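Colleague: Any chance you can model this:
(2 chains)
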There are 2 protein chains.
Amino acid sequence: MNLHIFDQAIALQPLTDGQWSGHTHAGWWNMVGPFGGVTAAAVVRAISMHPQCLGDPAALTVNYVAAVTEGPFTVHLQVARTNRSSQHWQVEMTQLQSDGSSATVLTGTAMTAIRRNTYGAVEAQFPQVPGPESILPWVPPISMEWFNRYDIRVVQGAMPEFAGSGPVIAEAVSDQQSASLTRQWVRYQPARALDYAALAAMADVFYPRVWLHSGQRLPAGTVSMTVYFHADATDLADAGDGYVLCEARAQAFRNGHSDQTAQLWSAKGAMLATTHQLVYYK
Amino acid sequence: MNLHIFDQAIALQPLTDGQWSGHTHAGWWNMVGPFGGVTAAAVVRAISMHPQCLGDPAALTVNYVAAVTEGPFTVHLQVARTNRSSQHWQVEMTQLQSDGSSATVLTGTAMTAIRRNTYGAVEAQFPQVPGPESILPWVPPISMEWFNRYDIRVVQGAMPEFAGSGPVIAEAVSDQQSASLTRQWVRYQPARALDYAALAAMADVFYPRVWLHSGQRLPAGTVSMTVYFHADATDLADAGDGYVLCEARAQAFRNGHSDQTAQLWSAKGAMLATTHQLVYYK
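Modeller: As a prediction, this is how the structure comes out:
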């Protein structure tokens, strides 16, 4: 059986002592290094493979501290604390340098938890949007290999077209409310059932909000991403391998950084995850 | 000169090797342990005191992995990576146990950065609210020592009054939009100028959203908090020691955890910080 290309990219071999060995995958290449979402997914995969893992991912924070380069990487996991129904993890990803030294390319923390039956409610509103079948697949104005790993149907806030290759000013939208909002249906291509790793990757599926807000394709990249996983096993099974409605907006652009706050919904309207980023731009 | 009670609580002594020694402060006591905000602030203070620190806090994630107990604590800092204009930190807080072993009570990561002049915009809307002078100081329905460290004027979403001591059902608001929204003016008491440590503490100034949404005072506590600092030195100077408009809401309550997304604004309408939490509840 051939592994799905997502599972190829996050395939890990156990080393000793909470360390896991993986390798970057050309099919997920971004501008300089692999798509950040797939790197986050490798961390989630490592945690779920750990023999001491208690429960499922509830919170994840990853910091992209340096560009991941083509080649092998090592995920280092440490259990910081195991409580009755939750567990805290410290995460680091390293790569061997040509001089034989080890460089940290990612830091992070995670919490896994046993989901319990409690009071429950969703306050955020599932937006009224046309279904994915009624929208043509997105044709990206720039080319990144990882774009081809998803079937993306943009409802609102598609990546602006920029003339030429430089940061040319497109239609500036800074005076409108929701000027940085993108709503899009996203599905793995080929289809793949959702799990926490697949959700973690989807949390990073948005292009920089500053491109949309400023109308300029400024150099930009995620420096820190936090994901809160609300979906339980039933939600994931319900969502299956279908489209996920992913929406993101920024609250502030300031002094070289903007935030991003995003929601991931199943097609049936279940809140799967909420996620936040701090994004660097020039 | 007497130190402000906030600075007393986050006073740190340098040990060797990126370690800093502090002590819990009775004036900041919460239910079981100190107010989480002041613990986060101690981490920010430690980073700012580190001789290798580059720039100012931009992103902070702290995980409250175990209750901090009364007594001394040690903040452990490690520089994971120093880039041209940013720096990544790994953080741990430990406490010595009675059996002589060391227990991890907090894990985290942070990014500091040199703020640069770039494209800037604020997309979130500063809400139209009455000024703090027109609102009476909040009288908490339950008593926590740290409440006395802030002057709080609630615009909307005050902590519900619960009859008796148990989780009695108050007015349930689950069918309304913004049912978990709290807006309040908050100022240090006595007044204290804002800095990144003071902002980090204020990011945690909200009571559990599930109390407001469910109408039940369920046992609850923050397990992970992320703060993105948008304010630069000028914003902080402008905000001075005045009131900060703090607003928070939840997006989902599910299986023992809810999220919280919040904004901190200066009285003049400057976006100082955006912040997110995952909150455990029973």
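
Colleague: tell me the phi and psi of A:Phe126?
Modeller: The phi/psi pair for A:Phe126 (degrees, to the nearest 10) reads phi -70, psi 120.

Colleague: How about it: what's its closest non-neighbour residue?
Modeller: In space, and not counting its chain neighbours, A:Phe126 is closest to A:Gly269: 4.2 Å by Cβ to Cβ, 6 or more residues apart in numbering or on different chains. The way it works is simple: take the backbone N, C-alpha and C, and place the C-beta from them, glycine included.

Colleague: which SSE is that neighbour in?
Modeller: Counting by DSSP states H and E, no helix or strand carries A:Gly269.

Colleague: With the one 10 residues further on instead?
Modeller: Secondary structure assignment for A:Val279, by DSSP H and E: strand A:271-281.

Colleague: Figure out how far that strand is from the centre of its chain.
Modeller: Computed by Cα atoms, centre = their mean, to the nearest Å, the chain-centroid distance of strand A:271-281 equals 8 Å.

Colleague: what angle do that strand and strand B:271-281 make?
Modeller: Relative orientation of strand A:271-281 versus strand B:271-281 (axes from the mean of the first three to the mean of the last three Cα atoms, to 10 degrees): 150 degrees.

Colleague: what about the strands in chain A?
Modeller: Along chain A, the stretches classed as strands by DSSP state E are A:13-14, A:19-23, A:56-64, A:72-82, A:86-96, A:102-113, A:121-122, A:150-156, A:182-188, A:220-229, A:244-249, A:252-254, A:257-266, A:271-281.

Colleague: With mean pLDDT and mean neighbour count as added columns, please give those strands in CSV.
Modeller: Output for the strands of chain A, formatted as CSV (pLDDT from 0 to 100; neighbours: other Cβ atoms under 10 Å in any protein chain shown):
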stretch, mean pLDDT, mean neighbour count
strand A:13-14, 97, 12
strand A:19-23, 98, 17
strand A:56-64, 98, 27
strand A:72-82, 98, 19
strand A:86-96, 98, 22
strand A:102-113, 98, 23
strand A:121-122, 94, 18
strand A:150-156, 97, 19
strand A:182-188, 98, 22
strand A:220-229, 98, 25
strand A:244-249, 98, 23
strand A:252-254, 96, 24
strand A:257-266, 98, 25
strand A:271-281, 98, 25
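
Colleague: Output those as a markdown table; include the columns distance to B:Ile5.
Modeller: Compiled in a markdown table, the strands of chain A are given as follows (distance: least, Cβ to Cβ, whole Å):
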| stretch | distance to B:Ile5 |
| --- | --- |
| strand A:13-14 | 50 |
| strand A:19-23 | 44 |
| strand A:56-64 | 30 |
| strand A:72-82 | 29 |
| strand A:86-96 | 30 |
| strand A:102-113 | 30 |
| strand A:121-122 | 37 |
| strand A:150-156 | 48 |
| strand A:182-188 | 45 |
| strand A:220-229 | 31 |
| strand A:244-249 | 38 |
| strand A:252-254 | 30 |
| strand A:257-266 | 31 |
| strand A:271-281 | 31 |
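
Colleague: Of these, which is nearest B:Ala158?
Modeller: Using Cβ to Cβ as the measure, strand A:121-122 is the one of those that comes nearest B:Ala158, at 19.6 Å.

Colleague: Which neighbours in the sheet does the closest one have, and how are they oriented?
Modeller: strand B:252-254 (antiparallel) (DSSP bridges).

Colleague: contact partners of the strand it pairs with?
Modeller: Residues from elsewhere that reach strand B:252-254 (Cβ atoms under 8 Å, 6 or more residues apart in numbering or on different chains): A:115, A:118-124, A:230, A:232, A:271, A:274, B:209-210, B:213-214, B:258-259, B:281.

Colleague: Repeat that for stretch A:123-141.
Modeller: Contacts for stretch A:123-141 (Cβ under 8 Å, 6+ apart): A:147, A:151-156, A:158-162, A:183-185, A:187, A:243, A:245, A:247, A:263, A:265, A:267, A:269, A:271, A:274, B:177-180, B:213, B:249-253.
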